[in-house]
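Visitor: Mind looking at a prediction? Sequence and model below.
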Amino acid sequence: MTIHRCAWANPANPRYLAYHDHEWGQPCHDETTLFEMLNLEGAQAGLSWETILNKRDNYRAAFDGWDAERIAQYDAAKVAALLLDAGIVRNRLKVAAAITNAQAYLRLRDEVGGLDSYLWAYVDGQPIVNGWARREQVPAKTPLSDIISKDLAKRGFKFVGSTIIYAYMQAIGMVNDHSADCFLHPPMTE
């Protein structure tokens, strides 16, 4: 029996296949993972997701397991060390964004409980399930990603443009954009 996956899932990269099969499009409610994925999607800007995914373990080590309280306190010495770390994307703006995002996340957590309650309220706790037949049909952004992007930016988050936020929504399962022929696409109901 042949397993059909989304066309973007690179069969030559076991890490990529595992990501497709076990994470992408699956509803995530874990605060650390939600924070991690927000920052990784931002780090991906201008690069391929596969590049970031291949560096994910390095990011976790470099950014203290995505502990927002620790990241929010990073100083110039830590930034300098991160910019020398070949295991991550050494972009000053993206490194600075992770620190700014940690600070914004802590404020958000104090205000509304965290990313889980904040994000999932936009979809009433239920993923949006699309039924795209072809990859070309999948939008780069939507009116909802526009709204979330603007609100996150207003709250002080960086690298949260609408296209990044839509990719984030897909990654954390707020949107299920597995292609209609993918084994992970849920059955459509009338």
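Guide: Arrived safely. Bear in mind that the values here come from a model prediction, so they are computed numbers and not experimental data.
Visitor: Model confidence score at residue 134, please.
Guide: The model reports residue 134 with a pLDDT of 83.
Visitor: Burial check on the closest residue to it other than its chain neighbours, number of neighbours?
Guide: Leaving aside its chain neighbours, residue 134 sits nearest to residue 179 (7.5 Å; criterion: CB to CB, 6 or more residues apart in numbering). Backbone N, C-alpha and C define where each C-beta goes, glycine included. Number of residues near residue 179 (other CB atoms under 10 Å) recorded here: 22.
Visitor: ok, residue 179 - contacts?
Guide: Residues counted as contacts of residue 179 (CB atoms under 8 Å, 6 or more residues apart in numbering) are 6-7, 132-135, 185.
Visitor: Got phi/psi on it?
Guide: The phi/psi pair for residue 179 (degrees, to the nearest 10) reads phi -60, psi 150.
Visitor: Does residue 23 touch residue 171 like I think?
Guide: Yes. At 7.2 Å, residue 23 and residue 171 qualify as touching, with contact defined as CB atoms under 8 Å.
Visitor: between these two, which one's more packed in?
Guide: Legend: neighbour count by other CB under 10 Å for residue 23 and residue 171, higher for residue 171 (23 against 15).
Visitor: I'd like the distance between the more buried one and residue 96.
Guide: Separation of residue 171 from residue 96 (CB to CB, to the nearest Å): 22 Å.
Visitor: How about residue 7?
Guide: 35 Å.
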